[in-house]
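J.: can you look at this prediction? I've put the sequence above it.
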Amino acid sequence: MRPSAAARHAHAGRGAGWFAAGLIATVLLPAAPARAALTDLLPWSHKPTVYDVQIDATPRELRKLLEAHLDIARFATRKDVSDDQFGFLVTATPQQVRDLASTDGYFSPVVRTDVRTVNGKRSVRVSVDPGPRTTISAIDLSFRGPVLTEDKKQENAARFAFSLHDGDPFTQSGWSDAKGAALKTLQSRRYLGAKIVQSEARIDPLKHDAKLSVTFDSGPTFTMGALDVSGTRRYPASIVTDVNPVSPGEIYDVNRVTELQRQLQNTPYYASVAIDVDDNTQKPLETPLHVKVSEYPYNSFRGGVGYSTDTGPHVQGSYTYLNTFGAAWPLQVQGRLDQIQQYGQIQLSMPPGPRAWTNSALISYTTTDVSDTRIYSVRGGVQRTRTSQNYDYSYSLFYYQDRLDQNAGPPTIARALVPQWSWTRRDVDDPLFPRSGNLVHVEAGFAVKNALADATFARGYMRGQQYLPIGRDDLVLFRAELGGVFTGSSSSNVPASLLFRAGGSNSVRGYAFDSIGNDVDGSILPTKYLVTGSAEYQHWFNRDWGAATFFDVGTATDTWGEKVFYPGAGFGARWRSPVGPVNIDVAYGFRTRSVRPYLTLGIAF
């Protein structure tokens, strides 16, 4: 097994490609050639046929298999098929049907072909009675090598990964996939050179019975050695070794290789990272890790536009220079504009040090205008961060100075110098489309009055999401959020950007964004305390589409004894899109008696 990764690039949709090509052909070529060009561009299933083919077979999966692979169907659009060739295709069809049906577990199909000519056009009808489907009656998985004495858990993991079971239908694809999954699991830890030494599927067509046997040879235990780095031209190769979490002599584990890959991709320097590990069973100890990187140029510009139901349309952009001081220090300038918020930041970072810790300094300015409250916030300071595969850490010292304008009373200004700590853990089965596991984020900080602060306070914040699978197609999602600023002073003496409001697509649905807080003459002011919770049930109709129903509740208040909870409920659609999860929701706010739509992209965390 050779773990590797490469940069992924977005491509235009296939449908857009057909449209563009057809449009060009229509404009630039005469009428008849244009029609020919368009015909050549169409997928075969949409081209005009020379003869008609109808395939009658059940179940649907078998019919689709035959439609896709039978020669009589594939050549129906070919104008150069002679009468002799057509006769050969018809004659060969029954054997092809038997060969294809056997890959799907039907070893005794009855096939009938009927050829007719109607109005000068030939028509072929292929009728298939597949007969009983072959099922699996016995599975024998055996292992050889050190895995039998060294790592019983790895043997059990490989057995569990074999996806076929007694009583399952036998298919060639399922048989191949099950063997591949078990071998991949065995190779994923310790036994990189594992292989299949014997594999047999014994089929009895008369009894419609399949007996399967596979023998795996684990080979020796592999350990990981030094990095062999290539592709570094602009930036020091020491960056790769500094972020490397793998220690020489460590037992091979594909998750550790993936962590190295992720660590490198989390740096700003590399457009792509590919990692190969030698699987030579004659030299299993301290096998080298070959790391090949493709670097970004020194200067890069990025930008984009988008839309959110919380903040409306937005435009954002950034400029990055990766070689400040000629020492690979990244300098980034970024900004974002939407209907509610305008944001700008300048950040200068050092290259990552040992264990991928990165030191940086930044300054930012944010204006927010929502719920008749305007906040102007300046933040500046230093931070030390580390991002790994499952955990993120941050230690920082930031100075905040915020001005808050409201409908009642003059503007207020609050400042604070805040040492802060934050921690994030990701423990889910799939980082993009999780079905089980949890996500947790925690923050803590404090300020001391007269130490560049207008009040003494302690601040804590926690957010968590728990995914619980229900059967094969359903899941339950729980979300909770807690925040508090603990101080004897008024909340007006705490920078507003450190306080809390609720409402919106990632908070309490059914209410406008940041519309739950301290209502003073129509201005919704941020508060000291925040509590929100959500329960959502999702049912997936297929791999890509699902539906959800949910109930949210929460509050944001300055005085816990006077809290008022805001419940909301609704339903929505879920789409596992190529770029991430898309949620379309409609929610009803019980207190405002209003219905609000929401559109979100990605996991809110």
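T.: Great, that's in hand.
J.: lowest average confidence across helices and strands of this structure, where is it?
T.: Using mean pLDDT, DSSP states H and E, the weakest-scoring helix or strand in the chain turns out to be helix 14-28, at a mean of 32.
J.: which regions of the stretch 1-150 of the chain sit below the pLDDT cut-off?
T.: 1-49 (pLDDT under 70).
J.: what's the separation between the spatially most central residue of the chain and Thr311?
T.: Centroid-nearest residue in the chain: Leu432, 2.3 Å away (criterion: Cα atoms, centre = their mean). Leu432 is 23 Å from Thr311, where distance means Cβ to Cβ, to the nearest Å. To be clear about C-beta, it is placed using only N, CA and C from the backbone, and glycine gets the same treatment.
J.: Leu148 now?
T.: For Leu148, the distance to Thr311 - Cβ to Cβ - is 59 Å.
J.: of those two, who's got more company?
T.: Thr311 (19 against 12; other Cβ atoms under 10 Å).
J.: next one: the more buried one from Phe513, what distance?
T.: Relative to Phe513, and taking Cβ to Cβ, Thr311 is found at 7 Å.
J.: next: Thr367.
T.: Distance from Thr367 to Phe513, by Cβ to Cβ: 15 Å.
J.: more neighbours, those two?
T.: Phe513 (22 against 14).
J.: so where does that one fall, helix or strand?
T.: For Phe513, there is no helix or strand it lies in under DSSP states H and E.
J.: what is the neighbour count of the closest residue to Ala210 other than its chain neighbours?
T.: Ranked by Cβ to Cβ, 6 or more residues apart in numbering and with sequence neighbours excluded, the top spatial neighbour of Ala210 is Phe170, at 4.1 Å. Number of residues near Phe170 (other Cβ under 10 Å) recorded here: 25.
J.: quick one: Phe170 and Ile139 touch, right?
T.: No: using Cβ atoms under 8 Å, Phe170 is not in contact with Ile139, being 10.7 Å away.
J.: overlap in contacts, the two.
T.: Overlap of the contact sets of Phe170 and Ile139 (by Cβ atoms under 8 Å, 6 or more residues apart in numbering) consists of 164, 212.
J.: show me what the strand or helix carrying Thr185 is packed up against.
T.: Assigned by DSSP H and E, Thr185 belongs to helix 172-187. Applying 3 or more Cβ pairs under 8 Å, 6 or more residues apart in numbering; DSSP states H and E, one finds that helix 172-187 contacts helix 83-103, helix 152-161, strand 195-204, strand 209-217.
J.: that helix vs helix 83-103, what angle?
T.: 50 degrees (axes from the mean of the first three to the mean of the last three Cα atoms, to 10 degrees).
J.: please state the offset of helix 172-187 from the chain centre?
T.: 23 Å (Cα atoms, centre = their mean, to the nearest Å).
J.: just stretch 135-145 next, same as before
T.: 34 Å.
J.: what do you get for stretch 245-263?
T.: 21 Å.
J.: how long is it from one end to the other?
T.: The first residue of stretch 245-263 is 8 Å away from its last residue (Cα to Cα, to the nearest Å).
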